[in-house]
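In: with the sequence up front, the predicted model follows.
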Number of protein chains: 2
Amino acid sequence: MPLKVALLGFGTVGASVARILNERASADLTLTHVFNRNVSRKRVDWLPGVTWTEDPEQIFASEADIIMELVGGLDPAGAWVRRALSSGKSVVTANKKLIAAQGIELEALARQHGVHLLYGAAVAGGIPVIPGLLSGLAGDRVVRLEGILNGTSNFILSRMEGGAEYADELAEAQRRGYAEADPTEDVDGFDARAKLVILSRLALGVNLSTEAITCQSIRQVGAIDFAYAKDLGCTIRPIARADVRGGGVLALVGPMLVPLSSPLAWSRGTENMVLLTGHYGGDVVFSGHGAGGNPTAVAVVSDLAAISAGAARRTPDAASASVTGEFELRHYVRFVVKDKPGIVAEIAGAMAAQGINIDSLFQRSGFGKDHLPFVVTTEPCVNSRLKLALSKIAGAGWMAEPPLDLQILEPEPAAVQ
Amino acid sequence: MPLKVALLGFGTVGASVARILNERASADLTLTHVFNRNVSRKRVDWLPGVTWTEDPEQIFASEADIIMELVGGLDPAGAWVRRALSSGKSVVTANKKLIAAQGIELEALARQHGVHLLYGAAVAGGIPVIPGLLSGLAGDRVVRLEGILNGTSNFILSRMEGGAEYADELAEAQRRGYAEADPTEDVDGFDARAKLVILSRLALGVNLSTEAITCQSIRQVGAIDFAYAKDLGCTIRPIARADVRGGGVLALVGPMLVPLSSPLAWSRGTENMVLLTGHYGGDVVFSGHGAGGNPTAVAVVSDLAAISAGAARRTPDAASASVTGEFELRHYVRFVVKDKPGIVAEIAGAMAAQGINIDSLFQRSGFGKDHLPFVVTTEPCVNSRLKLALSKIAGAGWMAEPPLDLQILEPEPAAVQ
Ligand SMILES: NC(=O)c1ccc[n+]([C@@H]2O[C@H](COP(=O)([O-])OP(=O)(O)OC[C@H]3O[C@@H](n4cnc5c(N)ncnc54)[C@H](OP(=O)(O)O)[C@@H]3O)[C@@H](O)[C@H]2O)c1
Ligand SMILES: NC(=O)c1ccc[n+]([C@@H]2O[C@H](COP(=O)([O-])OP(=O)(O)OC[C@H]3O[C@@H](n4cnc5c(N)ncnc54)[C@H](OP(=O)(O)O)[C@@H]3O)[C@@H](O)[C@H]2O)c1
């Protein structure tokens, strides 16, 4: 008997799911209902047996075994997912916002009703990170994760490598439909942060509070930073990282300097990439299309197939953990100054007062004295101390622009035997 | 109740598995027996509750729920796997040779006895390709796969990029313990071929006969070929590929020219990489440590965990398919000649007689006239026709070395929406 599935939300992902189910050779899944507001606009002729409805209650009361929530947002999607689970139906969703915010509670509800809640599409769309992790790395203990989890930001930054400025590449991303008119969610890191919360739970076994994770925007990165990064053997990518160290979890989202030797530096365009470091197995890299209707729909249909095959993955237990940015990390600080004697001494003094050692200080030629960019890199130091040092010199008359402070990602640990 | 597991073979992988099970926090799996020949040599003090035995029958008669076969080879490992399955025990193995040769039959036996046969460690060791594929890409239709499936060959070829010759890097690989005294299995492609057969079945749904797949050795590749490949925007990697086109399956193993823009060109050292192209989701890349005791053991323990969680993956149906090398592919042919007028005309004539168009012909300076390497690249042409053309000129007096014919891998298909 094929499982009956019903769809909430016939948008980009929902329509792709319907098409794949329609074209799918195996007869294990039957789409019975599609719900959407103003549903008459949505009706298509290639789904003949399907009931179209504007009433979500009709779905919950139906014989559907699995409900796909592809509406998005916290509300009303969250209420519908709860209704579905409470009605004894399994749920498959691509809703990262909802899972990041309420995943633990929703999974408990699913367990209570003996049904499944799967969300393989919520992180990195078409790349099977969540299933690969849950079923293929269950034998390891993952201690560190680094991801390029937002395709829009990666598109912008990886193209800036060619010398363009942020505004131009944002416009290009908007022209191509990769970025929305208001790009905040993507470029300021909030989208990646929700995914980082989900991945940290599944990979590292830690429940982090979304708001506790600092997001740094990519808006302040300039073409000049790529030139300086290159001098350091690096490039810049939008990174979401989490790292279990001792009792705490380092979790951060933002543009970071990435060594050119790291797989993260290879990732270009709208691609996503996730790098997981296992205690036993070392680094594993997953990459591919993190978004788009079809790739995301692949993840949704794979989750349906897992339920249908009776092989639904179970989420491992996770413990609450507190997030901290207070790890010793190397930093890149780019200043733009009105040049005059004594600036370096002032910066070095402010850093020394916080116990921070300068690793290198360098400057490209060809810039005017009144708007001179130069870079200081630090030895590993604690974030808050560097912030304090920078705040001490923030008001200096020679400061032409606020300094840009980026983390330098450590190289991957050495190969594991 | 924790599942009881027993181990056949306490070698590199077996010992790593025992250690991970021992250190594992969750109490879902208990190691009860270890079998090995001359087992007294193997006994360790950190496995206190375990029964050590030289008699495999003791294992089959035990209460073990799952038997791990980590002995390797077709015989007697195959017989033991059959005994285990027939005794109603699930089997987890890392034995690519056995699964490539007898996987279909063994899976049928497992089904017949209502038990599981998992072999996530048989391909690409610590990289969760098999579980990622089976559970995360079940919603797609994979149409093409390309892999770097042998770490030893990848180590040798990726280091030759620096200008060294094959023999030097083979010696280095042997010195580091990456290559055996007789490197045939690795460098001549047989190890990768077994993995390709397994992956083709799981990813493409085609059962290929191992012997039908041509293996080309990496022994003939020289430093000069890397120089010429670079001129073509490529490098050379040990590739195993399978591609469903129309009714047939293109399946080949050997060194190939890979565009520098391809993820396959990034893979260095003993790393493995698998690139799967889905009809809906586009390209997905997996990479990491393909071998070594711990990474391979992670895959074994993940398979145990899947059985223990009741979430064991099921292999999709696959159909027999015939292998052909007869696809239109671009080729790189490197000649080494004693230079004299008319050679190009002779080569071009032999190719034209087979309907093959030359795409480019070029030569680096700095070589002596009596041992002059130069390269011809062809437009897409059928393998056998090129072989025929090359055989026609094989006896020519100006031929100083047999020509080296390598495939040029097409760039990946364009991004999917
Ligand atoms: N698109 C991607 O690449 C991607 C990737 C990964 C995850 N996701 C996630 O997948 C989910 C769906 O994304 P999407 O891109 O498919 O969005 P979308 O194209 O906007 O589709 C959402 C659908 O839900 C309907 N809808 C929204 N609010 C509704 C309401 N209150 N009542 C009834 N129907 C409502 C919309 O109808 P209208 O047409 O009337 O607005 C639309 O048909 C989101 O959670 C998103 O985060 C998307
Ligand atoms: N090592 C890797 O990186 C790796 C990666 C992927 C897959 N694998 C696969 O994993 C399997 C095990 O590989 P391995 O590297 O662990 O090999 P290994 O170190 O040689 O271990 C094999 C063990 O089995 C024992 N054994 C062999 N033949 C036996 C027989 N007839 N009777 C009783 N015991 C016997 C050996 O005992 P002795 O000590 O007496 O020889 C040894 O302890 C193989 O199928 C291999 O292809 C290995």
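Out: Received, thanks. Ligands and ions are numbered 1, 2, ... in the order given.
In: just for the stretch 201-350 of chain A, where's the confidence low?
Out: The stretch 201-350 of chain A contains residues with pLDDT under 70 at A:312-313.
In: name the residues of it found near ligand 1, please.
Out: Neighbours of ligand 1 within the stretch 201-350 of chain A, by C-beta under 6 Å from any ligand atom: A:291, A:292, A:296. Where you see a C-beta, it was placed from the backbone N, CA and C, and this is true even at glycine.
In: separation between the second one and residue A:402?
Out: Between residue A:292 and residue A:402 the distance, using C-beta to C-beta, to the nearest Å, works out to 36 Å.
In: those two: who's more crowded?
Out: Neighbours per residue (other C-beta atoms under 10 Å in any protein chain shown) separate residue A:292 from residue A:402, with residue A:292 holding more: 23 against 11.
In: if you skip the residues just before and after it, what's nearest to the residue of chain A found nearest ligand 1?
Out: Per C-beta to the nearest ligand atom, the residue of chain A with the smallest distance to ligand 1 is residue A:11, at 1.7 Å. Setting aside the residues directly before and after it, residue A:11 is nearest to residue A:70 in space (C-beta to C-beta, 6 or more residues apart in numbering or on different chains), at 6.6 Å.
In: one more: residue A:383?
Out: Using C-beta to C-beta, 6+ apart and skipping residues adjacent in sequence, the residue nearest residue A:383 is residue A:325, 4.6 Å away.
In: next: residue A:404.
Out: Excluding the flanking residues, the one nearest residue A:404 by C-beta to C-beta, 6+ apart is residue A:334, at 4.6 Å.
In: list the buried ones in the helix or strand hosting the one you found?
Out: Using DSSP states H and E, the element containing residue A:334 is strand A:328-337. Within strand A:328-337, the residues that qualify as buried are A:329, A:330, A:331, A:332, A:333, A:334, A:335, A:336, A:337, counting by 16 or more other C-beta atoms under 10 Å in any protein chain shown.
In: and stretch A:73-90, by the same measure?
Out: Residues A:77, A:78, A:80, A:81, A:82, A:83, A:84, A:85, A:87, A:89, A:90 are the ones in stretch A:73-90 that count as buried (16+ other C-beta under 10 Å).
In: can I assume the fifth one sits in a helix?
Out: Yes: with DSSP: H, G, I helix; E, B strand; the rest coil as the criterion, residue A:82 is located in a helix.
In: residue A:300 versus that one, what's the distance?
Out: Taking C-beta to C-beta, one finds residue A:82 at 19 Å from residue A:300.
In: tell me how chain A divides into domains.
Out: Listed by automatic domain parsing, the domain ranges of chain A are A:3-118, A:129-289, A:327-415.
In: got a markdown table for the ones you listed, with distance to residue B:234 too?
Out: Formatted as a markdown table, the domains of chain A follow (distance: least, C-beta to C-beta, whole Å):
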| stretch | distance to residue B:234 |
| --- | --- |
| domain A:3-118 | 34 |
| domain A:129-289 | 16 |
| domain A:327-415 | 26 |
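In: out of these, deepest packed?
Out: Most buried of the domains of chain A, by mean neighbour count (mean count of other C-beta atoms under 10 Å in any protein chain shown): domain A:129-289, with a mean of 22.
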